[in-house]
Structure formats: C-alpha cells, structure tokens
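Enquirer: Curious how this folds, go ahead:
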Amino acid sequence: MIEIKDISKSFGNLQVLKGIDLSIKKGEVVSIIGPSGAGKTTLLQIIGTLSKPDSGSICINGEDVLKLNENDLSAFRNKHIGFVFQFHQLLPEFSALENVCIPALIAHKSQKDAEAEAKKLLEYLGVAERADHRPNELSGGEKQRVAVARALINKPDIILADEPSGSLDSKNKAELYKLLFDLRDNLGQTIAIVTHDHDLAKISDRVISMEDGKIVG
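Expert: You can find the predicted model right below:
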C-alpha cells in the first residue's frame, strides 16, 4: 500500500530525515515510535502528501504521488488518505455533523449524501446523539471520535494518525485503540500511527523505531 524509498528532508541546515526506506502492507496497523525530534511527524506528513521530501520516492497504492501536480495531489489526498490529529482540529464554528461532512463536500458529494454518510459514521462510532453539538460541547473522547468519522467519510485506503491518544485519558485511550483495530478489521484500512504510547505500539502489527532521522528498528 505504501512504498517509500530513500526519503530525505531538511529544514534549512537541519536534516530531519536521512534516507528513509519503508514499506507498509494493505490492512497493516503500524506504529512509528521514537524520541521527540526523531522525524516521526515529518515522515507522517510526507506519507500523507502534506509535505514533499527533498529526495526519494513515495508510491501509495501504486501511484507515484511525487509526480502529481498540486490539484491532482489534493484530490488524491482527499480520496485516499484520512487524517487523525492529537488535538482533533475540528472547526469550532461547525457542528460535529458539519465537521464530518467537510471532506465529502470538498470531494463534490452532495450535501444530502454527505450528511447521510456522516450520520452513519457517527452512529457507528457511538456519538450519533452529539451530531448537532459544536466541538466545545464535546468531551475529549467524543471530539476524537468525530475526528475519526471525518477521516473515514471518503472511505480512504489509509488512515494516518499523529499522537491520536495524546490528549485522552486512559479510558478513552483504550476505546480509541479498540476502534482503530475494529476499523482495520471491518473496513480494511491501512493505518500508520505516530505515537509515544508504548501500550498502543505493543498491540500494533508492527513497530517502526526512529532515531535522529533514521529507522533504527
């Protein structure tokens, strides 16, 4: 599903990634761990096509994404990749339902179809009764479930999660972990997670250890 070869990335004189090679199979749940500054989030952003490497290649589901122009790349990202962030990144002026609908509307789905799919996802994730609430009216766990629904609405092949349990208590962390594996088992997503949480890493299919811009294990 994801094939990365010799990816390097620098910011000014600081080389953040140093020749990364990585393959992730379809349906695999992979945790990427390592100390702060190891390059984990930069790697995730490059996999998610939010950032371009200085050198190397990246193929997602057979597509050489570095050869796409900006418009095609945005469309590819919207269709194939879902993102879950530590602090949810929900838009405060919109309801939970409206937040979930946004990627579908960007993909030119009708309002009716987007809302129908969003309601199904909120139901599946156990927060249907919170659909009309704004983010400031939701608990941390509810916000994260809404964020997961938003990531899923376009039925992406890949979910990329950056410290998804970082702002959650232990109960909500456990529920999020179960949810991620349920998604893989029921919907077939490939999931890559940047995390400092070793409990999550331990139950992943594979753990990638990074240090100083390199994969070390």
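
Enquirer: At which residues are the strands of this protein located?
Expert: According to DSSP state E, the chain carries its strands in the segments 2-11, 14-24, 29-33, 55-60, 63-64, 81-85, 158-162, 190-194, 206-211, 214-215.

Enquirer: report the longest helix in the chain, please.
Expert: Residue-count comparison of every helix in the chain, with assignments taken from DSSP state H, identifies helix 170-187 as the longest.

Enquirer: Centre-most residue in this structure?
Expert: Geometric centre of the chain, nearest residue: Leu160, 2.1 Å, by Cα atoms, centre = their mean.

Enquirer: what is that one paired to in the beta sheet?
Expert: Beta-bridge pairing for Leu160 (DSSP bridges): Phe83, Ala192.

Enquirer: Might one say that it is in contact with Phe85?
Expert: No. Taking contacts as Cβ atoms under 8 Å, Leu160 lies outside contact range of Phe85: 9.3 Å. Heads up, the C-betas are built off the backbone N, CA and C, glycines and all.

Enquirer: Not counting its own residues, what contacts stretch 46-53?
Expert: With Cβ atoms under 8 Å, 6 or more residues apart in numbering as the contact definition, stretch 46-53 has outside contacts at 2, 4, 7-9, 17, 42, 45, 58, 60, 65-66, 73, 76-77, 81, 83, 158, 160, 192.

Enquirer: How confident is the prediction for Ser170, by pLDDT?
Expert: Reported pLDDT at Ser170 in the predicted model: 77.

Enquirer: sorry, back to before: and the residue nearest to the centre of the chain, how far is that from Pro92?
Expert: Note on Leu160: its distance to Pro92, by Cβ to Cβ, to the nearest Å, is 23 Å.

Enquirer: same check, this time on Ile203
Expert: Per Cβ to Cβ, Ile203 is found 33 Å from Pro92.
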